[in-house]
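A.B. asks: Please find the sequence and the predicted model below.
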Amino acid sequence: MAEHVIAIDQGTTSTRAIVFDGEGALIATAQREHEQIFPRAGRVEHDPVEIWTNTEWVLARALNQVGLSAADVAAIGVTNQRETAIVWDRRTGRPIHNALVWQDTRTQPAIDRLIDAHGVDAFADVTGLPLASYFSASKIAWILDNVDGAREAAKTGDLLFGTPDTWIVWNLTGGSDGGIHITDVTNASRTLLMDLKTLDWSDEMLQVWDIPREMLPEIRSSSEVYGEVVQPRVARGIRIAGILGDQQAATFGQAAFDAGQSKNTYGTGNFLLVGTGTELVRSQAGLITTVAYRLGDEPAHYALEGSIAVTGSLVQWLRDNLGIISESAEVERLARSVEDNGGAYFVPAFSGLFAPYWRPDARGALVGLTRYVTKAHIARAALEATAFQTRDVITAVISDTGRDLDELRVDGGMTRNDMLMQFQADILGIPVIRPKVVETTALGAAYAAGLAVGVWSDKDALRGYWQEDRRFEPQMDPDERDRRCRLWAKAVEKSMGWVDDDARVLAGTV
């Protein structure tokens, strides 16, 4: 039996195909970035056609690297940036607008109207989510309202919606010629449209946003055989058997399957998930309730999540917008060239603050500047911002669960930065543990697919593959830790309340 599994990891900045063997070891990877489109302040878009073209390319490239044919691959698992909304014509297969990315805030006025009328948590009992532009529903509604003829086409069943997993699977399985229109429970739980209890689209939420049910994908489990690849030809016949939103996939890849187990992923943003098992736990401290995974016909498992919008993308901003570094990897060397942040604190609220604050009126703030501060201090402050934001959401987790974390398992590209990981341990006061395979997002998607087709027998088999690479122990004096956290809290306060009518006019968002 074929024992290789491929993960397609469609992320915010790039698309990757990663080949894993029967022991969960990475044996090949191919990656291609896609354009980040910023039409104006607060707007972030991707070209779905570019994403699909890149998916075809990386899939063929990864197979070619190790000389595998479709017959050598047992299954494909898909993981993806969540909340990003794509709407396309089922007849032509063409998107009717660029994808609205999860970071996009153009729908904030519509969100504000609903909050004024009903309160920010008006629908949290149904969806597990606060009202925020982060989630997909308002993005779908915006496309329907702003593209000529879109609402009429949606009502006649000619338009389809999907997050990137849905778009990729639809194209893999034939597109306009019989493509399968599905998503899984983890991605559906991020739309503001799914009922967490029934695991189906909520009629109430569809009415709130005036979204026709006909354009929504069928909600399936995270691990089952959905269909077979039709295109690209090089992968034809491979079964598609796993779908997980990227943060749930990373949790799965960390083998954090059970209640109380957690992980923190360091990517474009940071996302902390703590499992609550089959119990729905409602946060009182600014976290969201989400589906962690569902295997086949088993009950769904849930999690509390702390979502941070800007971490790794802040390093990209230093590179692309300021030119402080020429490559993202240079940030650690630059930050290490100074002993501390020089008194500078960087709150990267480029699209508002997510968990645990949920303040869309916040904007990025670099405070504490003096003539002493150099670009090296700013680089260090940018990295430290990631650790401080993580501490904020972990504090919320402790408040909700009533128990401290003994350790923090981490993954994602930024975890290769040893300076950041040490500072994270210092500012938390607990060990930070990096696994040998830090690409746990792709690994989790592969695990979900492999379970469905019998490459792996059960979750216990997957637990056996997890291995620790390095453990970072806290070294900072507790009084120094408390002092720095107080300064961070002051900086966060300074970032709030910036967005008002004057700021919106200046940014061209009204």
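C.D. replies: It's in.
A.B. asks: Does E228 touch I180 like I think?
C.D. replies: No - with contact defined as CB atoms under 8 Å, E228 does not count as touching I180 (9.5 Å). From N, CA and C alone the C-beta is placed, and that goes for glycine too.
A.B. asks: Need the overlap of contacts for the two.
C.D. replies: Residues touching both E228 and I180 (CB atoms under 8 Å, 6 or more residues apart in numbering) are T173.
A.B. asks: For stretch 491-510, what does the pLDDT average out to?
C.D. replies: Averaged over stretch 491-510, pLDDT sits at 70.
A.B. asks: And the contacts of stretch 208-218?
C.D. replies: Contacts of stretch 208-218 (CB under 8 Å, 6+ apart): 87, 114, 123, 137-138, 140-141, 144, 154-155, 157, 159-162, 166, 181-183, 188, 192-193, 201, 203, 206.
A.B. asks: In helices only, show me those residues.
C.D. replies: Among the contacts of stretch 208-218, the residues falling in helices (DSSP state H) are L114, A137, S138, I140, A141, L144, A154, K155, T166, A188, D203, L206.
A.B. asks: List the contacts of the last one.
C.D. replies: To tie it back to what came earlier, the one meant is L206. Contacts for L206 (CB under 8 Å, 6+ apart) come out as L193, P212, R213, L216.
A.B. asks: Next, give me the two most distant ones among the residues you listed.
C.D. replies: L193 and P212 (11.5 Å; CB to CB).
A.B. asks: rewinding a little: buried only: go through the ones in helices among the contacts of stretch 208-218 for me.
C.D. replies: Using 16 or more other CB atoms under 10 Å as the burial test, these include L114, A137, S138, I140, A141, L144, A154, T166, A188, L206 as buried.
A.B. asks: Tabulate those residues in JSON lines, adding columns for pLDDT and distance to V455.
C.D. replies: Below are these laid out as JSON lines (pLDDT from 0 to 100; distance: CB to CB, whole Å):
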{"residue": "L114", "pLDDT": "93", "distance to V455": "45"}
{"residue": "A137", "pLDDT": "96", "distance to V455": "36"}
{"residue": "S138", "pLDDT": "96", "distance to V455": "39"}
{"residue": "I140", "pLDDT": "97", "distance to V455": "35"}
{"residue": "A141", "pLDDT": "96", "distance to V455": "40"}
{"residue": "L144", "pLDDT": "97", "distance to V455": "41"}
{"residue": "A154", "pLDDT": "93", "distance to V455": "39"}
{"residue": "T166", "pLDDT": "98", "distance to V455": "24"}
{"residue": "A188", "pLDDT": "97", "distance to V455": "25"}
{"residue": "L206", "pLDDT": "96", "distance to V455": "37"}
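A.B. asks: how deep is the closest residue to D340 other than its chain neighbours tucked in, by neighbour count?
C.D. replies: Once flanking residues are discounted, D340 sits nearest to R380: 7.0 Å by CB to CB, 6 or more residues apart in numbering. Other residues near R380 number 28, with proximity taken as other CB atoms under 10 Å.
A.B. asks: Distance-wise, check R380 relative to T390.
C.D. replies: Note on R380: its distance to T390, by CB to CB, to the nearest Å, is 16 Å.
A.B. asks: what's the answer for K139, then?
C.D. replies: 26 Å.
A.B. asks: got it, and N264?
C.D. replies: Distance of N264 to T390, given as CB to CB: 6 Å.
A.B. asks: Give me the common contacts of the two.
C.D. replies: Common neighbours of N264 and T390, counting by CB under 8 Å, 6+ apart, are N270, L272.
A.B. asks: about what we covered before: kindly reformat the contacts of L206 as TSV containing distance to G413, secondary structure and neighbour count.
C.D. replies: Shown next, in TSV, are the contacts of L206 (distance: CB to CB, whole Å; DSSP: H, G, I helix; E, B strand; the rest coil; neighbours: other CB atoms under 10 Å):
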residue	distance to G413	secondary structure	neighbour count
L193	30	coil	28
P212	38	coil	17
R213	38	helix	11
L216	32	coil	21
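A.B. asks: Settle this for me: K375 is touching S337, isn't it.
C.D. replies: No - using CB under 8 Å, K375 is not in contact with S337, being 9.7 Å away.
A.B. asks: Compare these two (neighbour count), which wins?
C.D. replies: Remark: of K375 and S337, K375 carries more neighbours, 16 against 13, as counted by other CB under 10 Å.
A.B. asks: Dihedrals phi and psi, the closest residue in space to the more buried one that isn't next to it in sequence?
C.D. replies: Nearest residue to K375 in three dimensions, chain neighbours excluded: I324, at 4.8 Å (CB to CB, 6+ apart). Phi and psi for I324, reported as degrees, to the nearest 10, are phi -70, psi -30.
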